[in-house]
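Just need the structure, nothing else, for what follows:
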Amino acid sequence: MPELLAILTSLAWPFAITVAWLVGEFGQRWTGLPRISFYGLVGFVLAAPQVGVLPPPGVGPMLLLADVAFGLVLFELGYRINLRWLRNNPWIGVAGLAEALLTFVVVYLVADGFGASDINALMLASLSMATSPATLVRVINEQRSSGQVTERAMHLCALNCVLAVFAFNATVGLWIFRTFEDVGEALWNSLVVLGVSAFTGVVFGLVVPAVLRLLGKLAQDATVAFALAVILLVSITFTLGLSPVVAALAFGLMARHRRVAFSQAQRNFGALGELLTVVLFVFAASTLDWQKVWAGGALALALVVARLAAKTLGVMAFAHLSGISWRKGALTGVALVPLSVFVVMLLEHARLAGIQVVEELRAVAAVTMLLEVFGPILLQRALVWAREAPETEDRHAA
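So this is what the prediction gives:
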C-alpha cells in the first residue's frame, strides 16, 4: 500500500498538468476564453485543500520549475520594452507611476477600512500595484494582439512589476525591523536585493549576446541560448534569495538593447514555453485554499473593484497627454487587471524567506482566485474592444 501511494503521489503533477492542458484546449475551443483561465481552475480544484490530488505547495522542484516558467515570461516582457519609446513619450511613464501610486493608496485605504493591520494593508497595497506579466504576455501572444493598448499595457506592466517588488520588499524590510530590530537584514531585503538582482540580469544581458556573436550563430541559436540562460539565472536567484522578477526583466531589457534578433516565431519559447505556461498557472492556483478564499471574499471584491478603478483612472488621466484617446486609456487600464501569478510567486518566496506575516493575508487568496479566472478574460475583452485582437471566431476562420 505505501508503494502504491508513492506511485500515485509521483504521478500527481504529470496528471494535473495533462488534465489542465486538455481542459484549456477544449475550454478555449468551446467558449473562446483564454486557456490560462482554465489552467487556473484545474489547479485550484486539484489542489491539496480541495480535491487533494496535488501535494501541498512547498519547497521542491515544482516551485523552481514555476520560477523558470515565470522567468521566461519576464525575459520576453523585458525584451519587448522599448526604452527609446518611453524617452520620446515620457507621459507613458508618468501614467504608469500615477496609476501604480493611486492603486497603492486606494488599496491601502480599503484594506485599512476593513480593519487590516498596517503591515498587512501595506503588503496588500504593494502587491496590488503589480500586473501579472505571465497573464499579459500569454494572452497577448494567444490573441496575436498588436497596437497602442497592447504596447502600453506591456510597458506599464514592466514598470508595475518593478514598483511592486520595490514596495513589497520595503514593507518586508519594515516588518523585519519592527520584529527583530535588525537594520542590516531590513536593508538587505528592501534595497540591496533589488540592486543585486538587477545587476545580475544586466550581466547576463551583456554576456549571452556576446557569446552568441562569438559563436557566429546569433539568429539561429538565440532562442535556445536565451532559454538556457534564463534557467541558469532563475536558479542563481532562487539559490541566493534574490528577485527573479527584477533579474529576468533586466536580462530581457539588456538583450533587446544589445540588438539581438528574437523573431515572432520564437515568442513563448516554442513548445518549452507552452508546457511551462501550463505548469506555472496550475502551480499558482494549487497554492490557494478554498477556506482562505471564502474568508477573504468580501475584502477581495472591494480590492478588485478599487484596483480596477484606480488603474483605469490613473491611465485615463494622462491618455491625451500621452497621445491616445480616453477610451484607449481606459482599455489600457483594464488590460492591467491580471495579478494572480505575480502575487503567488512573490508570496511563495516570502514564505521561503521566513516572512510569517504573509500567512495572514487571507484576502490575497481570494483576490488571486478571482483574477486567476477573470483577469485573463478582462484582458482579452480589452484587447478585442480596442480592435487590436480579432474575435475568436474570426481567428479560427482565418
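
Which SSE is immediately downstream of the particular helix or strand that has Ala198 in it?
Here Ala198 sits within helix 193-215, counting by DSSP states H and E. The element immediately downstream of helix 193-215 (helix or strand, assigned by DSSP H and E) is helix 222-240.

Run through the neighbouring helices and strands of whichever helix or strand comes after that next one.
Helices and strands here follow DSSP H and E; after helix 222-240, the next one along the chain is helix 244-256. Counting by 3 or more CB pairs under 8 Å, 6 or more residues apart in numbering; DSSP states H and E, the packing neighbours recorded for helix 244-256 are helix 61-79, helix 148-180, helix 193-215, helix 222-240, helix 340-352. Every C-beta, even on glycine, is put in place using the N, C-alpha and C of the backbone.

quick one: helix 244-256 to chain centroid distance?
Per CA atoms, centre = their mean, to the nearest Å, the displacement of helix 244-256 from the mean C-alpha position of its chain is 14 Å.

Just put the helices and strands packed on helix 244-256 in JSON lines and tack on mean neighbour count.
What follows is these, written out as JSON lines (neighbours: other CB atoms under 10 Å):
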{"stretch": "helix 61-79", "mean neighbour count": "23"}
{"stretch": "helix 148-180", "mean neighbour count": "22"}
{"stretch": "helix 193-215", "mean neighbour count": "18"}
{"stretch": "helix 222-240", "mean neighbour count": "19"}
{"stretch": "helix 340-352", "mean neighbour count": "23"}
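
How about residues contacting stretch 37-50?
16, 19-21, 23-24, 27-28, 51, 53-57, 277-278, 281-291, 340, 369, 372-374, 376-377 (CB atoms under 8 Å, 6 or more residues apart in numbering).

when you check the residues you listed against the helices, which ones overlap?
Members of these lying in helices (criterion: DSSP state H): 16, 19-21, 23-24, 27-28, 277-278, 281-286, 290-291, 340, 369, 372-374, 376-377.

Please identify which of the helices and strands packed on helix 244-256 is closest to Ala255.
Closest approach to Ala255 among the helices and strands packed on helix 244-256 (CB to CB): helix 193-215, 4.8 Å.

other SSEs contacting that closest one?
Helix 193-215 packs on helix 148-180, helix 222-240, helix 244-256, going by 3+ CB pairs under 8 Å, 6+ apart.

so can I have a markdown table of those showing distance to Phe114?
Compiled in a markdown table, these are given as follows (distance: least, CB to CB, whole Å):
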| stretch | distance to Phe114 |
| --- | --- |
| helix 148-180 | 18 |
| helix 222-240 | 34 |
| helix 244-256 | 28 |
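
Please name whichever of the ones you listed is nearest to Phe269.
With CB to CB, the closest approach to Phe269 among the helices and strands packed on helix 193-215 belongs to helix 222-240: 5.4 Å.

between the closest one and helix 193-215, how many degrees?
In terms of direction (axes from the mean of the first three to the mean of the last three CA atoms, to 10 degrees), helix 222-240 departs from helix 193-215 by 150 degrees.

Next, report how far helix 222-240 is displaced from the centre of its chain.
From the chain centre to the centre of helix 222-240 is a distance of 17 Å (CA atoms, centre = their mean).

With stretch 282-300 instead?
For stretch 282-300, the distance to the chain centre is 17 Å (CA atoms, centre = their mean).

which of the residues in that stretch are buried?
Using 16 or more other CB atoms under 10 Å as the test for burial, stretch 282-300 gives 282-289, 292-293, 296-297, 299-300.

ok, which pair from those is furthest apart?
Of all pairs in the buried residues of stretch 282-300, the most separated under CB to CB is Val282 and Leu299 at 25.9 Å.

low pLDDT regions in this protein?
Along the chain, segments meeting pLDDT under 70 span 1-10, 57-60, 180-190, 217-221, 258-268, 353-362, 391-398.

is it true that Val315 touches Leu156?
Yes. If you go by CB atoms under 8 Å, Val315 and Leu156 touch, sitting 7.2 Å apart.

Tell me the residues that contact both of the two, please.
Ala95, Glu99, Thr332, Leu336.

And those, which is closest to Gly71?
Looking across the shared contacts of Val315 and Leu156 and measuring by CB to CB, the closest to Gly71 is Leu336, at 21.2 Å.
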